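Student: Sequence below, structure please.
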Amino acid sequence: MNMNKESGHLKRVLIILYYWPPSGGAGVHRWLKFVKYLRNFGWEPIVYVPSNPDYPIIDSNRLDEIPSDIEIIKRPIWEPFSLYRKFTGKKKDVKMDFGHLVNVKTYIQKGWKERLAIWIRGNFFIPDSRVFWVNPSFRFLSDYYNKNKFQAVISSGPPHSLHLIALKLKLKYNIPWMADFRDPWSEYFSSLMLTKWAVNKHTTLEKKILQTADKVVVIGRNMQMQNFENAGIHSDIVMNGFDIDDYQRLEKPLVKKEKFTLLYAGTLSQRRNNSLFWKVIKSLIDANELFASKLNIQLVGKVDSSVLEDIKKYKLESFIDIVDFIPFEEVVKKQMEATVLLLFVDNFEGAKWVLTGKFFEYLASNRPILALGPLGGDLSAEITNTSSGLLADYNDEESMEKAISVFFNQYLDQSIFTFQNKNIEKYSRLGLTQKIASLLDEMI
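Tutor: You can find the predicted model right below:
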């Protein structure tokens, strides 16, 4: 048993999560890392997760990061995806990811069954499809609390149903509560085909959570301003980050010089796909024979059909390698070997607040970043602050072409191989965990 735990001086915090190893993807990393380091700052984490979740991505390699003697409570969850699969004729092993609603348009285009399923999902499963876990979890955790007291509770969403579990605990026992928003609720449900009643229900629940939580945590300044300060809600910023352990335990790979390699790692959804980028790539290939001979684009992760359509449209198949999934450690290695790291930002109204966790992983990889996103947002500011690359407006063909050409010229004169970003220490997971612990201390 851990000596700190035995000594009894650590305060106990219940952390309610959905994404947890063996789940893969960005959603799991934030709280896996906080749990890893919380004991350093006086808090003993108790993790509450579903025992049978419907994870869209599996990565068992993250299991070894969980502290060996941490208390993890797993309870069954019922999710409607089995019914959806049966209704739409999908196979049992088809993975669903309605959690972030990134491909709603893709589902809608497939036919009336998908449209009906999305409509039912949006108007009956409020706030999301994990809502059936709320009441059983509350009953179980009430009994647990009466037998095993803890000093604080944290909920992290999406899925935002998890906040409702914490809300019930707060209202019954007045336990200090931190609500962590990795994405804002309002944007989370805006893609669905909602009735006015459903919109009101979402809004009422969100307002109740924001007004009841002792601390509201968000991941960036624009998100804080647009979604919380404008509503009169105080929130604290705790960004995503990187864990230097993920990089130090690897034998540092060398950047590969044979090809001008642009790498994107992560889910490339329909909303994240940038058709203009593929058009620009095609123009550069046609105009520059040397560029065509050196170019290699690597897409590591799940790719939406819209991406494949664009690649086919511009006849780019021979320049692109697609790998559906590889373990996180291998992704890190590929990132460190790439010439330039591509960062596609979802194209939607609130994109300025997006500061994806992938950006911080890219920082730790110490390769230049080419981001396609909105000017003047959180990402733009952080790229400038860290001297980590270039951001091209995702609607501006000329700025995209210029940015790619700048990087290609640096590749030709080899200056890109000595690239070094700056001021990234503040994004370490250890330091960010200390901030979480400080907020917990303030609550109690």
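Student: Show me the shaky parts of the stretch 151-300 of the chain.
Tutor: Scanning the stretch 151-300 of the chain for pLDDT under 70 picks out 187-192, 225-227, 230.
Student: which stretches of it form helices?
Tutor: Here the stretch 151-300 of the chain has its helices, by DSSP state H, counting those that start in this stretch, at 161-173, 185-190, 196-212, 221-227, 245-248, 275-287, 289-294.
Student: Tabulate the ones you listed (CSV), appending mean neighbour count and distance to Tyr18.
Tutor: (Glycine included, C-beta is placed from N, CA and C.) Below are these laid out as CSV (neighbours: other CB atoms under 10 Å; distance: least, CB to CB, whole Å):
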stretch, mean neighbour count, distance to Tyr18
helix 161-173, 22, 6
helix 185-190, 20, 13
helix 196-212, 16, 16
helix 221-227, 21, 20
helix 245-248, 15, 22
helix 275-287, 18, 32
helix 289-294, 13, 43
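Student: Quick one, which of the ones you listed gets closest to Gly376.
Tutor: helix 221-227 (9.0 Å; CB to CB).
Student: can you give me the strands for the stretch 51-200 of the chain?
Tutor: 71-75, 152-157, 177-181 (DSSP state E, counting those that start in this stretch).
Student: can you list the ones you listed in a markdown table and add distance to Ser293?
Tutor: Formatted as a markdown table, the strands of the stretch 51-200 of the chain follow (distance: least, CB to CB, whole Å):
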| stretch | distance to Ser293 |
| --- | --- |
| strand 71-75 | 52 |
| strand 152-157 | 47 |
| strand 177-181 | 46 |
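Student: just the helices in the stretch 301-444 of the chain please.
Tutor: 305-313, 328-337, 357-365, 378-386, 397-412, 429-443.
Student: got a list of contacts for the third one?
Tutor: Taking contacts as CB atoms under 8 Å, 6 or more residues apart in numbering, the residues outside helix 357-365 that touch it are 26, 29-30, 239-244, 246-247, 265-266, 332, 335-336, 338, 341, 343, 369, 371, 379, 382, 386, 388, 421, 424, 427.
Student: Surely Asn250 and Lys333 touch.
Tutor: Slight slip there: residue 250 is Leu, not Asn. Yes: contact criterion CB atoms under 8 Å: Leu250 and Lys333 qualify, at 6.2 Å.
Student: Looking at the two, which one has more neighbours?
Tutor: The neighbour count for Leu250 versus Lys333, taken as other CB atoms under 10 Å, is higher for Lys333 (18 against 13).
Student: out of everything not next to it in sequence, what's closest to that one?
Tutor: Pro253 (5.4 Å; CB to CB, 6 or more residues apart in numbering).
Student: where's Phe138 relative to Ile126, distance?
Tutor: 17 Å (CB to CB, to the nearest Å).
Student: Who has more neighbours out of those two?
Tutor: Neighbour count, other CB under 10 Å: between Phe138 and Ile126, Ile126 has more, with 22 against 18.
Student: how about the nearest residue to that one, chain neighbours excluded?
Tutor: Lys201 (5.1 Å).
Student: Ok, Met223 next?
Tutor: Nearest to Met223 is Trp353, by CB to CB, 6+ apart, at 3.6 Å.
Student: Number of residues surrounding the one you found?
Tutor: 22.
Student: what's the answer for Asn423, then?
Tutor: Asn423: 12 neighbours (other CB under 10 Å).
Student: which residues touch it?
Tutor: 385-387.
Student: Read off the pLDDT value for it.
Tutor: On the pLDDT scale, Asn423 is placed at 91.
Student: The one 4 residues further on now?
Tutor: On pLDDT, Tyr427 comes in at 92.
Student: is it true that it touches Met239?
Tutor: Yes: counting by CB under 8 Å, Tyr427 touches Met239, with 6.5 Å between them.
Student: related to what we said a few turns ago, so for Ser142, which of the helices of the stretch 301-444 of the chain sits nearest?
Tutor: helix 429-443 (20.0 Å).
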